[in-house]
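Chemist: Using only what follows, build the 3D model:
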Amino acid sequence: MVALMDSEKVIVAIFNTGEIVHELTEHVCRSLSDQDANAFRIQCERLAQEGDLNELVQQVFSRLSTSFAGGDETVKIFSVLFSLMGHLSPEIISYLIAQVCETISTSSDNADTRLAVMQDVYSILGTSCGDPRVKFQTFVSCLQYAIQTGQQEKLIAGLTVEDTKKFCKKLGANVSDERNLTLLICDAIEAKSVEDVQTSSSLQDFLVSYLESFHAEGPEVLSTVSEYAAKAALGAIKQPFRVSAEKDKKGTFAGRVGGVTAVYQLQPVQYLKNSSSSLHKGAFSLLEVFCEGSLQKFSDFVKENAGIFESLKLDKDSCHENMRFLALAHHASNNDNASYATVASVLEVDVSEVEKWIVKGIEKQLLDAKLDQLNETIVINRGSQSLFTENQWMELDAKLKSWTTSVHSVLATVKQAKLEQAKLAKNR
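Modeler: The predicted model follows:
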């Protein structure tokens, strides 16, 4: 799909316009009776002589669009037809593209050929062929038809949020256009027959991108996207340690738990607490528990909302396991070291299981630590913080002020030492 977004086919004028018109005419005539073929030739010759390519192209297209059974040959002849676009008026180009998309989408017969024709016309379109938005809408039509006929993988493979944003900016898409395209991509991802971790992660990236665009909207608008906000919340609960495809390329340690926090802080997700839906409220409350990383709060939530996991289609055991990892990350972010007994208490597991959880936590990049098996202690270098509460911000502020005071003290000592040294040098 990235390749399609960036593609612009260059038409090299090997044949002049007359030769192209002749090739198109003869191709159409092969499927007509002798009488109809002669009449069509005369009509095309007249339009060519009059220089009315707009009408000529429309006549040829109306004949070509009756069948897509020719495979590569059909794609080729449509390419020849579309090569005349540079000679057409912007109005006719827009009309022709709309007709192509409408005609193709009416049937799933010979779907491969139909989609190939749509991709071809998209590739030929350039900013010189009228409004760039025509190209944007053509791409949308390609994706809609691909989803309709189960060919979405041809267009969404390897696609990232960053690619989509660049594409929308390049073609001047407004906020509404970008939102609609993002949701369409979400539909395409969800339509995949096989759901795996990569698919779920990609879907979450686009859902988050969609919801981010509502950061400045009011309650009336936020209430219209509650369904997608709840879906993003559940995605974060199922995969609390994921990072976006773009951020993952950087290989950063911090932020392995940041996906949960990022979703929690989205305005549409925050609005779920005011939702009239008990399931939406439940999804938000559980996400909040995940952000805080407290096993005790998770246990309390389970007791108070026994049936919500089944209602939200969540695996309670899987959620419990993820909560243990979040609790481990939370503890590691607030401590330099810990005994096996302390960690066992935090995770609510037996002491004999602590090493297993620590090793898995390191593998998930939730913490950086070393095990002292002899003394049964853990030396913690750093841990991923899931959610900064107001108290934690105050603690950080106090630490920064303390460090600043210490630095000033060191600088004053160094300054005094230099003055003393200068005095000694002067007295010699």
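Chemist: Could you use CA atoms for every contact and neighbour count after this?
Modeler: Will do.
Chemist: Now residue 368, what are its backbone angles?
Modeler: phi -120, psi 110 (degrees, to the nearest 10).
Chemist: quick one: it and residue 381 touch, right?
Modeler: Yes - using C-alpha atoms under 8 Å, residue 368 is in contact with residue 381, at 5.4 Å.
Chemist: Same drill for the two, tell me which one is more crowded.
Modeler: Set residue 368 next to residue 381 and count neighbours by other C-alpha atoms under 10 Å: residue 368 wins out with 21 against 14.
Chemist: What segments of the stretch 151-300 of the chain are helices?
Modeler: 153-156, 161-170, 175-190, 197-212, 219-222, 226-238, 245-250, 258-264, 267-270, 278-292, 295-304 (DSSP state H, counting those that start in this stretch).
Chemist: Present those as CSV; the columns should include mean pLDDT, distance to residue 425 and mean neighbour count.
Modeler: As requested, these are exported to CSV (pLDDT from 0 to 100; distance: least, C-alpha to C-alpha, whole Å; neighbours: other C-alpha atoms under 10 Å):
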stretch, mean pLDDT, distance to residue 425, mean neighbour count
helix 153-156, 89, 74, 17
helix 161-170, 93, 62, 15
helix 175-190, 94, 70, 18
helix 197-212, 88, 64, 19
helix 219-222, 93, 72, 13
helix 226-238, 95, 66, 23
helix 245-250, 49, 52, 12
helix 258-264, 82, 56, 23
helix 267-270, 96, 65, 24
helix 278-292, 94, 59, 22
helix 295-304, 93, 64, 15
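Chemist: Indicate which one of the ones you listed is closest to residue 311.
Modeler: helix 278-292 (7.5 Å; C-alpha to C-alpha).
Chemist: Distance to residue 20 for the helices of the stretch 151-300 of the chain - can I get that in a markdown table?
Modeler: Listed next are those as a markdown table, based on distance: least, C-alpha to C-alpha, whole Å:
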| stretch | distance to residue 20 |
| --- | --- |
| helix 153-156 | 30 |
| helix 161-170 | 32 |
| helix 175-190 | 36 |
| helix 197-212 | 43 |
| helix 219-222 | 52 |
| helix 226-238 | 49 |
| helix 245-250 | 45 |
| helix 258-264 | 55 |
| helix 267-270 | 54 |
| helix 278-292 | 59 |
| helix 295-304 | 70 |
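Chemist: quick one: which of these is nearest residue 54?
Modeler: Once the helices of the stretch 151-300 of the chain are compared by C-alpha to C-alpha, helix 161-170 is nearest, at 28.1 Å.
Chemist: now the angle from that closest one to helix 175-190?
Modeler: Per axes from the mean of the first three to the mean of the last three C-alpha atoms, to 10 degrees, the angle that helix 161-170 makes with helix 175-190 is 150 degrees.
Chemist: Next, the angle helix 197-212 makes with helix 161-170.
Modeler: Per the same axes, to 10 degrees, the angle that helix 161-170 makes with helix 197-212 is 40 degrees.
Chemist: How about the secondary structure of residue 370?
Modeler: Under DSSP: H, G, I helix; E, B strand; the rest coil, residue 370 falls in the strand class.
Chemist: For it, name its beta-bridge partners.
Modeler: In this entry, residue 370 is beta-bridged to residue 379, by DSSP bridges.
Chemist: For it, grab the count of nearby residues.
Modeler: The number of residues packed near residue 370 is 15, by other C-alpha under 10 Å.
Chemist: There's contact between it and residue 379 in this structure, I believe.
Modeler: Yes - taking contacts as C-alpha under 8 Å, residue 370 lies within contact range of residue 379: 5.2 Å.
Chemist: Lowest-scoring secondary structure element of the chain by mean pLDDT?
Modeler: helix 245-250 (a mean of 49; mean pLDDT, DSSP states H and E).
Chemist: Show the contacting residues for residue 161.
Modeler: Shown in contact with residue 161 (C-alpha atoms under 8 Å, 6 or more residues apart in numbering): 205, 206, 209.
Chemist: out of those residues, who's nearest residue 329?
Modeler: Distances from residue 329 to the contacts of residue 161, taken by C-alpha to C-alpha, are shortest for residue 205, at 22.8 Å.
Chemist: Quick one: the strands in the protein, in order.
Modeler: Secondary structure of the chain (DSSP state E): strands at 337-339, 367-372, 377-383.
Chemist: CSV for those strands, including distance to residue 267 and mean pLDDT?
Modeler: Output for the strands of the chain, formatted as CSV (distance: least, C-alpha to C-alpha, whole Å; pLDDT from 0 to 100):
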stretch, distance to residue 267, mean pLDDT
strand 337-339, 36, 92
strand 367-372, 29, 90
strand 377-383, 27, 87
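Chemist: Residue 239: which of those strands is closest?
Modeler: With C-alpha to C-alpha as the criterion, residue 239 lies closest to strand 367-372 of those, at 17.1 Å.
Chemist: Can you tell me what sits against that closest one?
Modeler: 329, 332-333, 355, 361-362, 377-384.
Chemist: how does it look with 6 Å?
Modeler: Contacts with strand 367-372, where a contact means C-alpha atoms under 6 Å, 6 or more residues apart in numbering, come from 362, 378, 379, 380, 381, 382, 383.
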